[in-house]
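> no sequence on this one, just coordinates:
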Ligand code: SPM
């Protein structure tokens, strides 16, 4: 039951969450309330403060405070800030944490930590690529840190890996501070394009790719369009019949209304399978993140039963390290949803 003016997300979660338009209003207010000293007022007027990316609430810690997850903030103890600069698109920060290794932060939101990045990069890559036989041409949208490239490179069948990242600073900073992630760029099959992923996909010839992986940040800021219907239409056009897409699709604990919209849009656009999967990432808000997996009409794709299992592969292409997180069991488990999410997602996906 919804109180006046407040939507309770996911129909059953006993938590008040803002809808997208409310988030946008909050962001606009916060932008007006911020100042040039790196101090921003966030959290619906509660006036939590961040100074130079560090929490003014817990000195010496980084706190991830955003209107996208009001009323909560995951914090990491900071050993040292290694990099902080404003790119053309966003604030880019790298810090050495006490317990999660180096951390990459964009506009105050954690993108990866050395300790748990494997859970995200391996899942967003192997859920789609192990679901189709012999993937050859793969496109990564976003993913400028190179971690998804590193995982795609495990597939010997792949002969072309295109990546379109909007922010060159993410690429250069990742190469400097996260060599074990950015190692993906060393693969000779990789072609890096710096630019707008939406425009890149629109210009891609129809039916080019076997798989598209959308490794985006959250839908406020430079990645907003990557969650909208026209973008998914371009993805479907760029895929070959029976091709697959996997997109970052937020958290069932925090953003069920965003997930509902993504699932509905995808069901209309992709004429093959439409599935939602999820994984744990301790340093993302709520500790989980989801993926939308869809296929175009053509050869049927059964995401839950991979035809191309990578953990059984004798060699891992150009990969320099074994898989840390992904295996076949975790692949199957990723599609098991808690009841509250299942009730919302499955009717819209089927
Ligand atoms: N290659 C790693 C890039 C990470 N891209 C996804 C980042 C999402 C961060 N926010 C998570 C919020 C969950 N609701």
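Arrived safely, thanks for sending. Values in this document were obtained by computation on a predicted structure and should not be read as measured data.

> tell me the SS of residue 157?
coil (DSSP: H, G, I helix; E, B strand; the rest coil).

> Quick check: closest non-adjacent residue to it.
Distances taken as C-beta to C-beta, 6 or more residues apart in numbering put residue 134 closest to residue 157, at 4.3 Å, once the chain neighbours are dropped. Placement of C-beta: from N, CA and C, glycine included.

> wait, isn't the one you found in contact with residue 307?
No - using C-beta atoms under 8 Å, residue 134 makes no contact with residue 307, being 9.6 Å away.

> List the contacts of the residue nearest to residue 157.
Residue 134 sits next to 157, 210, 308 when contact means C-beta atoms under 8 Å, 6 or more residues apart in numbering.

> Just the closest of these to residue 233, please.
Within the contacts of residue 134, the smallest distance to residue 233 is 18.5 Å, found for residue 210 (C-beta to C-beta).

> what about the closest one, is that helix, strand or coil?
With three-state DSSP as the criterion, residue 210 reads strand.

> And it, how far from the ligand?
With distances taken as C-beta to the nearest ligand atom, to the nearest Å, residue 210 is found 20 Å from the ligand.

> Give me the neighbour count for that residue.
23 (other C-beta atoms under 10 Å).

> Now it: closest residue in space, sequence neighbours ignored.
Nearest residue to residue 210, sequence neighbours excluded (C-beta to C-beta, 6+ apart): residue 135, at 4.3 Å.

> Double-check that that neighbour belongs to a strand.
No - Residue 135: not assigned to a strand; according to three-state DSSP it is coil.

> quick one: it and residue 158 touch, right?
Yes - shown here, residue 135 and residue 158 form a contact pair, counting by C-beta under 8 Å, at 5.6 Å.

> Does residue 120 belong to a helix, a strand or coil?
Relying on three-state DSSP, one would call residue 120 helix.

> circling back: need the contacts of residue 134 in a markdown table with distance to residue 343, can you?
Below are the contacts of residue 134 laid out as a markdown table (distance: C-beta to C-beta, whole Å):
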| residue | distance to residue 343 |
| --- | --- |
| 157 | 38 |
| 210 | 33 |
| 308 | 31 |
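
> Which of those sits closest to residue 87?
The shortest approach to residue 87 among those belongs to residue 210, at 31.3 Å (C-beta to C-beta).

> where does the closest one land on pLDDT?
Note for residue 210: predicted pLDDT of 98.

> With residue 302 instead?
With respect to pLDDT, residue 302 scores 97.

> which residues touch it?
By C-beta under 8 Å, 6+ apart, the contact list for residue 302 reads 131, 273.

> Equivalent analysis for residue 219, please.
Applying C-beta under 8 Å, 6+ apart, one finds that residue 219 lies in contact with 20, 226-227, 250, 258.

> how does it look with 7 Å?
Applying C-beta atoms under 7 Å, 6 or more residues apart in numbering, one finds that residue 219 lies in contact with 227, 258.

> any idea whether it is helix, strand or coil?
Recorded secondary structure, residue 219: coil (three-state DSSP).

> Any figure for the gap between it and the ligand?
Applying C-beta to the nearest ligand atom, the value for residue 219 to the ligand is 10 Å.

> Nearest spatial neighbour of the residue positioned nearest the centre of the chain, chain-adjacent residues omitted?
Nearest residue to the geometric centre of the chain (C-alpha atoms, centre = their mean): residue 248, 3.6 Å. Leaving aside its sequence neighbours, residue 248 sits nearest to residue 216 (C-beta to C-beta, 6+ apart; 5.2 Å).
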